[in-house]
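Student: pasted the sequence and its predicted model underneath.
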Amino acid sequence: MFRAMVVEKDEAGNTAASIQELSEDRLPDGDVTVAVEYSTVNYKDGLCLGNGGGLVKTWPHVPGVDFAGVVESSDDSRFAAGDRVVLNGWRVGEIRWGGYAEKARVKADWLVRLPDPISTRQAMAIGTAGYTAMLAVMALEDHGLTAESGPVLITGAAGGVGSVATAILGHLGYEVAAVTGRPETEPYLRDLGAARIVPREDLAETVKRPLESETWAGCIDAVGGAMLARVLGQMKYGASVAAVGLAGGAQLPTTVIPFIIRGVNLLGIDSVMRPHAQRVRAWDRLVTDLPMDKLDAMIEPATLSDLPQLGADILKGKVRGRVVVDVRA
């Protein structure tokens, strides 16, 4: 038997989440069974802890798009009992049972062996948010960004992706401009490595001119919508924006002018279906480029019983930094 956070839906469409004891025969099919130690909380988890947000297809459901733990048994030669592993994405926790449980069974193709310096707890402090931040940094660098290029803007900087991106870029010597609508987060962001704070309202206006002064050498954007449209017109010639989220909306009310006049690049960052080799590259970079003392400062500890409230909070933008859920506690 193992404990899990199970979300159920009744005939009227009402959902309820509760901790339940389940038998191992309830686990889905897969090559590898993992004794989960830690998970975390993402925006998708908030949806799946509630009504599913259209992501969940079958009920009852165990959310949790991330987990880290130790292999218990494996039918795949790439993994053996005792291996420390991490999983991000692959629609686990959405259409398939996820990491809010003491056990998980998944396909071996979805797992990455954790680099030795990173603990399972640190892996979930990083989570999909931090791994996505690393993918975004790598994409910007692959398109020519260096610390000498100029300031890098991070929108939604106090969130999960933004927090880790700020710490990574600050550690690498970049001048980080962190956008936040919560003034109380300024000390937190400066401690992570932000050189300056940009109030959200400075970028909240809709686009009035397709091009403004060339200001940013790069951007990691977790907001989308009108803010992303505004930022595109402020990018330096040939600069790139790595788009990772849509907290401000999925629409993009802009023109092609930043792209064809200034050669701006809009880079889409998907973490869910990312090929295995790129996942390994990102996790290896996190070992060297993410200062673990900064990571530890982001952590808000939690247990399975905290998840319903945390799910509601993250949908309202009330979660700062990285929540680490000890599923065994």
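Tutor: Happy to help now that I have it. All values derive from a computational prediction rather than experimental measurement. Residues are numbered from 1 along each chain as shown.

Student: what's the pLDDT at the most centrally placed residue in the chain?
Tutor: The geometric centre of the chain, computed from its C-alpha atoms, lies nearest to residue 129 (Cα atoms, centre = their mean), at 1.7 Å. The model reports residue 129 with a pLDDT of 92.

Student: in the lowest-mean-pLDDT helix or strand in the chain, what counts as buried?
Tutor: Least confident element among the helices and strands of the chain, by mean pLDDT, DSSP states H and E: helix 292-298 (a mean of 91). Within helix 292-298, the residues that count as buried by 16 or more other Cβ atoms under 10 Å are 292, 294-295, 297-298. (Glycine included, C-beta is placed from N, CA and C.)

Student: closest to residue 125 among those residues?
Tutor: Nearest to residue 125 among the buried residues of helix 292-298 is residue 295, at 5.2 Å by Cβ to Cβ.

Student: find the nearest non-adjacent residue to the closest one, please.
Tutor: Spatially, and ignoring its direct neighbours in sequence, residue 295 is nearest to residue 125 (5.2 Å; Cβ to Cβ, 6 or more residues apart in numbering).

Student: for the buried residues of helix 292-298, which one is nearest residue 172?
Tutor: residue 294 (12.1 Å).

Student: these two touch, right, that closest one and residue 188?
Tutor: No - using Cβ atoms under 8 Å as the test, residue 294 is too far from residue 188 to be in contact (10.5 Å).

Student: give me the common contacts of these two.
Tutor: Counting by Cβ atoms under 8 Å, 6 or more residues apart in numbering, residue 294 and residue 188 have no contacts in common.

Student: helices of the stretch 51-200 of the chain, residue ranges please.
Tutor: Using DSSP state H, counting those that start in this stretch, the helices of the stretch 51-200 of the chain run over residues 120-142, 160-171, 186-192.

Student: show me which residues of the first one are buried.
Tutor: By that I understand helix 120-142. Buried residues in helix 120-142, counting neighbours by 16+ other Cβ under 10 Å, are found at 120-141.

Student: confidence score at residue 316?
Tutor: On pLDDT, residue 316 comes in at 89.

Student: now do residue 99
Tutor: Note for residue 99: predicted pLDDT of 98.

Student: picking up where we left off before, which strands or helices does the least confident helix or strand of the chain pack on?
Tutor: Helices and strands touching helix 292-298, by 3 or more Cβ pairs under 8 Å, 6 or more residues apart in numbering; DSSP states H and E, are helix 120-142, helix 160-171, helix 186-192.

Student: hey, what's the angle from the longest one to helix 160-171? Just curious.
Tutor: Note on geometry: by axes from the mean of the first three to the mean of the last three Cα atoms, to 10 degrees, helix 120-142 and helix 160-171 are set 70 degrees apart in direction.
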